[in-house]
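Novice: Have a look at this prediction, sequence included:
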Amino acid sequence: MKIYNVLNRKKEEFRPLDAETVKIYACGITVNGDAHLGHARQAIIFNMITEYFRYAGYKVKYVRNYTDIDDKIIDQAKALHIDPLELSRRRIAETDAVMTKILTNDADVKPRVSDYIGPIILFVQKLVEKDCAYVTPKGDVYYSVKKFPRYGKLSNRKVEDLVSAVRIDENEEKRDYLDFALWKSVGPEDFGWDSPWGKGRPGWHIECSTMINEILGQQIDIHGGGRDLIFPHHENEIAQSESLNNCQLAQFWIHNGLITVNGQKMGKSLNNFITINDLLEKYHPEVIRFFILSHHYSSPLDLTYDLLEIAERNLYYFYTSISHYRKYINAVEAMPPEEGDNNVLSVFETCMQEDFNISKFLSELFVIFTGINREKKAEVKQGKIMTLLYALEKLYPILGMFGDPGEFIKNAKEKYLALLNIKEKEILELIHVRKEAKSNKDYSKSDEIRNDLLNRGILLMDTAGETVWDIKSLYSKT
Ligand SMILES: [Zn+2]
């Protein structure tokens, strides 16, 4: 299995550190707002990656953290007159609920920073003892970047170049521009924890280093997160952890690309901030998955509603095909295929072995579906369908799509009937009237009904003695 390793800037063969379990950590969510599309992308990608490892026969321990305390959370809680950790607890419950809708499986461990304050303080103390960090008179503790010669190895920057990239705050008691806070002192009335350096709160970077150390150990196989975390967050995690443990923190660094909306960075100030809940109001969770997984995890992703609608139509095509396949198989009473050679699974594996190229597999799948839909020879068709259905069932934990066609199709139809302001009952009545007109050889009336419905967004299809209806826009060319 080849993975693009950001640390070495090349694709490398994956071999787990220990034969037992693949250890994966992905920086999670700071719960100072609603979970948004960027969070969804990361969670879906690492869900796909961890489930692929399981599919490939590995045991996996996957950790995704929650940062449940930061300045924003504290301010928001103050405004609401509640305890900041209570606010975070509610937000984490909401986020977990949303994630359940879009993931097939969440992380194995979802630690919260506030549960690791003791180990964080110990970690910082050890860095001070090792002379990698220093305490200021005010009670802040800083990591001393110049004590770590490998600083910059992940982001491929030289320490000299970095000086200008980092904001300089005149008031800080830092010895060096690049030094970053491990512990930040707070006033006696402020929210914080007691420490050997007085009351304070942990710096953001030390949280991840500590949780990795506590839950997964000194070395992990894969560290992940959004591309925007490479510098300084991940660079700082490396410095802290490797100074403490004298060994490489993570073998592989995987970063997912960032999301823009209509070409713009997503942000509250730009008024284009899209939460997962906003999307779920408009789209089936699998449409969101399909949209995200049909782009390579490392590439940037620009969200437009046009693209989501294309994803919806594509998925609808897959699902209506699956629905036909199931009926066909039931009708011929075919037996399920035996385990063994399955060309759909081998196409899948080939794609995934090359840096989790699931988007390539989804386009290959489209070719497989159109091939079956064009197939005329009954026996060949039957074999291909059985192979495909077997594969899709097996791949469900990774794909999180192509489950129950009935549910998806019903959902999509209901959504569009409401948008088109027409009821199924009315359509069925019109189909009935049209049938009568046809049997009375009143073809102009039957055509009129068909055209009227088409103008209202409903497509009629006459097949083998019966007329079925569908949503026209779900059949539009993509
Ligand atoms: Zn982190």
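Specialist: Right, received. Where do you want to start? Numbering: from 1, shown residues only.
Novice: Isn't Ser446 up against Arg434?
Specialist: Yes: the criterion here is CB atoms under 8 Å, and Ser446 meets it with Arg434 at 4.8 Å. Where you see a C-beta, it was placed from the backbone N, CA and C, and this is true even at glycine.
Novice: touching the ion at all, stretch 146-164?
Specialist: No: residues of stretch 146-164 are not located near the ion by CB under 5 Å from the ion, the shortest gap being 12.2 Å.
Novice: starting at the chain centroid, how far to that stretch?
Specialist: 30 Å (CA atoms, centre = their mean, to the nearest Å).
Novice: With stretch 426-441 instead?
Specialist: Going by CA atoms, centre = their mean, the spacing between the C-alpha centre of stretch 426-441 and its chain's C-alpha centre is 47 Å.
Novice: ok, and for that stretch, which residues are buried?
Specialist: 427, 430-431, 434, 437-438 (16 or more other CB atoms under 10 Å).
Novice: Looking at those residues, which is nearest Glu214?
Specialist: Proximity of the buried residues of stretch 426-441 to Glu214 (CB to CB) peaks at Ile427, which lies at 59.1 Å.
Novice: Phi first, then psi, for the closest one.
Specialist: With angles defined as degrees, to the nearest 10, Ile427 sits at phi -60, psi -50.
Novice: Not counting sequence-adjacent ones, nearest residue to it?
Specialist: Trp469 (5.1 Å; CB to CB, 6 or more residues apart in numbering).
Novice: Which element, helix or strand, includes Thr100?
Specialist: helix 84-102 (DSSP states H and E).
Novice: Can you list the neighbours in contact with the helix or strand following that helix?
Specialist: Next along the chain after helix 84-102, taking DSSP H and E as the criterion, comes helix 117-129. Here helix 117-129 makes contact (CB atoms under 8 Å, 6 or more residues apart in numbering) with 113, 133-135, 141, 143, 182-183, 193, 195-196, 202, 206-207, 209-210, 213-214, 240, 243-244.
Novice: any low-confidence regions in this structure?
Specialist: 163-172, 476-478 (pLDDT under 70).
Novice: Quick one: list the elements packing against the helix holding Thr100.
Specialist: helix 37-55, strand 59-67, helix 71-80, helix 276-282, helix 285-293 (3 or more CB pairs under 8 Å, 6 or more residues apart in numbering; DSSP states H and E).
Novice: Distance to Leu249 added to these, as CSV?
Specialist: Output for those, formatted as CSV (distance: least, CB to CB, whole Å):
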stretch, distance to Leu249
helix 37-55, 17
strand 59-67, 13
helix 71-80, 27
helix 276-282, 30
helix 285-293, 27
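Novice: so what's His255 bridging to?
Specialist: Gly225 (DSSP bridges).
Novice: ok, Pro188 - contacts?
Specialist: Pro188 touches Lys199, counting by CB under 8 Å, 6+ apart.
Novice: need the contact list for the closest residue to Pro232 other than its chain neighbours.
Specialist: What sits nearest to Pro232 in space, not counting adjacent residues and going by CB to CB, 6+ apart, is Phe180, at 6.6 Å. Contacts for Phe180 (CB under 8 Å, 6+ apart) come out as 142-143, 145, 203, 205, 232, 236.
Novice: Ramachandran coordinates for Phe180?
Specialist: Residue torsions, per degrees, to the nearest 10, at Phe180 are phi -130, psi 160.
Novice: just to revisit the earlier point, what's the closest of the contacts of Phe180 to Leu362?
Specialist: Using CB to CB, the contacts of Phe180 come closest to Leu362 at Pro232, 34.8 Å.
Novice: State the number of residues packed around the closest one.
Specialist: By other CB atoms under 10 Å, the residues close to Pro232 number 21.
Novice: Does it touch His205 like I think?
Specialist: Yes: applying CB under 8 Å as the test, Pro232 and His205 come out as touching, 7.4 Å apart.
Novice: ok, and what's touching the helix or strand harbouring Ser446?
Specialist: Take DSSP H and E as the rule and Ser446 turns out to sit in helix 443-455. Where contact means CB under 8 Å, 6+ apart, the residues beyond helix 443-455 that reach it are 427, 430, 433-434, 437-438, 459-460, 469, 472.
Novice: Mind listing what's buried along it?
Specialist: Judged by neighbour count using 16+ other CB under 10 Å, the buried positions of helix 443-455 are 446, 449-450, 453.
Novice: what angle sits between the next helix or strand after that helix and helix 443-455?
Specialist: Remark: after helix 443-455, the chain's next helix or strand is strand 458-463, criterion DSSP H and E. Angle of strand 458-463 versus helix 443-455, following axes from the mean of the first three to the mean of the last three CA atoms, to 10 degrees, is 130 degrees.
Novice: Skip ahead from strand 458-463 and say which helix or strand is next.
Specialist: Next along the chain after strand 458-463, taking DSSP H and E as the criterion, comes strand 466-471.
Novice: which bits of the stretch 201-350 of the chain sit near the ion?
Specialist: Near the ion, when you scan the stretch 201-350 of the chain using CB under 5 Å from the ion, you find Cys208.
Novice: distance of the residue of the stretch 201-350 of the chain found nearest the ion from Val60?
Specialist: Residue of the stretch 201-350 of the chain nearest the ion, by CB to the ion: Cys208 (3.0 Å). Note on Cys208: its distance to Val60, by CB to CB, to the nearest Å, is 19 Å.
Novice: Of the two, which one has the most company?
Specialist: Neighbour comparison, Cys208 and Val60: the larger count goes to Cys208, with 28 against 21 (by other CB under 10 Å).
Novice: In this structure the more buried one contacts Val63, no?
Specialist: No: applying CB under 8 Å as the test, Cys208 and Val63 come out as separate, 9.6 Å apart.
Novice: Which neighbours do those two have in common?
Specialist: What both Cys208 and Val63 touch, as defined by CB under 8 Å, 6+ apart, is the set Tyr25.
Novice: okay, now the domains of this protein?
Specialist: Following automatic domain parsing, the chain resolves into domains at 2-265, 302-406, 422-475.
Novice: one step back: which one of the buried residues of stretch 426-441 is nearest to the ion?
Specialist: Nearest member of those to the ion, counting by CB to the ion, is Ile427, at 52.4 Å.
Novice: Burial check on Glu51, number of neighbours?
Specialist: 21.
Novice: For Pro326, give its distance to Ile368.
Specialist: Not Pro; residue 326 is Arg. Arg326 is 16 Å from Ile368, by CB to CB.
Novice: More neighbours: those two, which one.
Specialist: The neighbour comparison of Arg326 against Ile368 (other CB under 10 Å) goes to Ile368, with 18 against 15.
Novice: Pull the contacting residues for the more buried one.
Specialist: 344, 347, 384, 388.
Novice: How about Val63?
Specialist: Counted by CB under 8 Å, 6+ apart, Val63 has contacts 23-26, 107-111, 211-212, 215-216.
Novice: So which residues of the stretch 351-478 of the chain form helices?
Specialist: Taking DSSP state H, counting those that start in this stretch as the test, the helices found in the stretch 351-478 of the chain are 358-374, 378-399, 405-420, 424-439, 443-455.
Novice: burial of the closest residue to the ion within the stretch 51-200 of the chain, as a residue count?
Specialist: The ion sits closest to Asn65 of the stretch 51-200 of the chain, with a gap of 7.0 Å, by CB to the ion. Asn65 has 24 neighbouring residues, counting by other CB under 10 Å.
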